[in-house]
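A.B. asks: sequence plus predicted model, see below.
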Amino acid sequence: MTTAPTADGAIQTPPATVFRKGLALKHEVAGQLASDYHSGLIDRIRDTDYQRQVGRLRLRLAREFGFCYGVDRAVDYAYQTRRRFPNRSIYLTGEIIHNPQVNDRLRVAGIQFLSDPDCDSGALGPDDVVILPAFGVTINMLTQFQRQGCTLVDTTCGSVLNVWKNVLQYARDGFTAIIHGKVRHEETRATASQVLQYPGGRSLVVLDRAEAQSVCDFIRHGRDDDQFSARFGSAMSPGFAPHRDLQRVGLANQTTMLMSESLAIGDMLRLAMLDRYGQDDLDEHYRAFDTICSATQDRQDAVAVLLDRQDLDLMIVIGGYNSSNTRNLARLAGQRLPTYHIADAACLVSNHELRHRPVDLGQPALPGTEISEARATDWLPTDGVVTIGLTAGASTPDSVVGQVVERLESFTVETD
Ligand code: SF4
């Protein structure tokens, strides 16, 4: 420990060192990253117009899938951190990204998770290194690590920082940030905490159209504050007073939400403000910025293109069950054809049986809802050519997608 007592006897902690642009070891870890997450098979499918046919199996891969730029960078920085500090304790605040294979590899590399029950963030000090994840951390958490003098490796994605910039602007201008997101998602919690940097800064998280409708009803008719507070609870920032704080609102998103839903919620809020205050005063009461990240949007658009071909028998979406962007890709596909959200190749038990996370058709599952894995039988058509669409969430490495393709091909051979 490098702490030292000051003249008045208090323990003084050296200021935290923060790495925001990597640790100058990119080339040194590139080989390890490629060996852990790259797939030659997936490269070949990309090179053949994202299609592949083996026996009676015809695969169509979405043109944008898998690791996004933010995840790529976060995982890269985590590997660089391990290389740079081989003898220091390294911690992640929780999952670096929502992918079990990646998190498991980091555990094997000796990186500890502060979200584990036996890990005490209060005991960290200047000798410890903390990696902040791609979706960021709350202001409170950041302040705590800085106070403790930890070395910080900040992997917060630029697209998340862009959302923070917008909600900070709202708070500065006296607008409440309405965040379309999941109240317990790390990114949304971090975004909501940003407004607290301003006195009077407020936020409210809405999950879906139904919750947005309640907000709109309140804006139009000003119902009972207590009733509103009972419904939204911890989705409101501390001290939230609906009558006062729903007069001027600005929309923001968790970056991985379904774009179409965010746009619809924006329209609902704008119309409610229009009804309440009229066109002339609308700008004084409603603002919006599109804060869905381009990587999320590109993956959603690529699924729409696949679906528009109308030649798929079924769709497989690969990614962690707690990955918001993966679940939204599955929702998009599930509205059009049989869709299975699987975590990895092991979920493809046989050509008769498959384990999957049921798709949230319609509205997304409520935050905190335990979703148990389901089993599907006879999921793979047994006769003739079967055409499968394939995509993967922004936290799924190519290596996992490649293993799924190999498994699907093995079933084709079995069923030929
Ligand atoms: S999904 Fe978007 S916001 Fe999230 S890490 Fe990837 S690029 Fe960044």
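C.D. replies: Okay, I see it.
A.B. asks: residues contacting the residue lying closest to residue 289 once chain neighbours are set aside?
C.D. replies: Distances taken as C-beta to C-beta, 6 or more residues apart in numbering put residue 166 closest to residue 289, at 4.7 Å, once the chain neighbours are dropped. For glycine as for every other residue, the C-beta is placed from the backbone atoms N, C-alpha and C. Taking C-beta atoms under 8 Å, 6 or more residues apart in numbering, we find residue 166 in contact with 177, 250, 252, 289, 291.
A.B. asks: now do the same for the last one: helix, strand or coil?
C.D. replies: Under DSSP: H, G, I helix; E, B strand; the rest coil, residue 291 falls in the coil class.
A.B. asks: which SS state does residue 243 fall under?
C.D. replies: Going by three-state DSSP: residue 243 is helix.
A.B. asks: got a list of what it touches?
C.D. replies: So residue 243 contacts 222, 225 (C-beta under 8 Å, 6+ apart).
A.B. asks: quick one on the thing from earlier: which one of the contacts of residue 166 is nearest the ligand?
C.D. replies: Ranked by distance to the ligand (C-beta to the nearest ligand atom), the contacts of residue 166 are led by residue 291 at 9.1 Å.
A.B. asks: just give me the neighbour total for residue 21.
C.D. replies: Using other C-beta atoms under 10 Å, residue 21 has 8 neighbouring residues.
A.B. asks: so the residue nearest to residue 289 sits in a helix?
C.D. replies: Yes: counting by three-state DSSP, residue 166 is part of a helix.
A.B. asks: leaving out sequence neighbours, find the closest residue to the residue of the chain found nearest the ligand.
C.D. replies: Residue nearest to the ligand within the chain: residue 70 (2.5 Å; C-beta to the nearest ligand atom). Distances taken as C-beta to C-beta, 6+ apart place residue 157 nearest to residue 70, at 3.2 Å, with adjacent residues excluded.
A.B. asks: now do the contacts for that neighbour.
C.D. replies: Residue 157 neighbours (C-beta under 8 Å, 6+ apart): 69, 70, 73, 74, 134, 135, 136, 255, 293.
A.B. asks: just residue 303 next, same as before
C.D. replies: Shown in contact with residue 303 (C-beta under 8 Å, 6+ apart): 62, 315, 329, 332, 333, 389, 391.
A.B. asks: now, which of those residues lie within strands?
C.D. replies: Here DSSP state E is the test, and the contacts of residue 303 give 315, 389, 391 as lying in strands.
A.B. asks: my read: the first one touches residue 388, true?
C.D. replies: Yes: the pair residue 315 and residue 388 passes the contact test of C-beta atoms under 8 Å, sitting 7.2 Å apart.
A.B. asks: neighbour count: those two, which is higher?
C.D. replies: Counted by other C-beta under 10 Å, residue 315 and residue 388 do not tie: residue 315 has more neighbours, with 26 against 20.
A.B. asks: give me the beta-bridge partners of the more buried one?
C.D. replies: Listed beta-bridge partners, residue 315: residue 339, residue 389 (assigned using DSSP bridges).
A.B. asks: mind listing what it touches?
C.D. replies: 303, 306-307, 333-334, 337-340, 388-391.
A.B. asks: just those now: which is nearest residue 81?
C.D. replies: Nearest to residue 81 out of the contacts of residue 315 is residue 391 (C-beta to C-beta; 30.0 Å).
A.B. asks: so which bits of the protein are right by the ligand?
C.D. replies: 68-71, 134, 157, 159-160, 255-256, 293, 295-296, 325, 394 (C-beta under 6 Å from any ligand atom).
A.B. asks: out of the residues you listed, which are buried?
C.D. replies: 68, 70-71, 134, 157, 159-160, 255-256, 293, 295-296, 325, 394 (16 or more other C-beta atoms under 10 Å).
A.B. asks: show the average pLDDT along the helix or strand where residue 401 lies.
C.D. replies: Per DSSP states H and E: residue 401 is located in helix 398-415. Per-region confidence: helix 398-415 scores 89 on mean pLDDT.
A.B. asks: which SS class is residue 375?
C.D. replies: Secondary structure assignment for residue 375 (three-state DSSP): strand.
A.B. asks: contacting residues for it?
C.D. replies: Contacts of residue 375 (C-beta under 8 Å, 6+ apart): 349, 353, 354, 355, 356.
A.B. asks: if you set the cut-off to 6 Å instead, what comes out?
C.D. replies: Residue 375 makes contacts with residue 355, as judged by C-beta atoms under 6 Å, 6 or more residues apart in numbering.
A.B. asks: do residue 151 as well
C.D. replies: Contacts here follow C-beta under 6 Å, 6+ apart; on that basis residue 151 touches 17, 129.
A.B. asks: any idea what it is bridged to?
C.D. replies: Beta-bridge pairing for residue 151 (DSSP bridges): residue 129.
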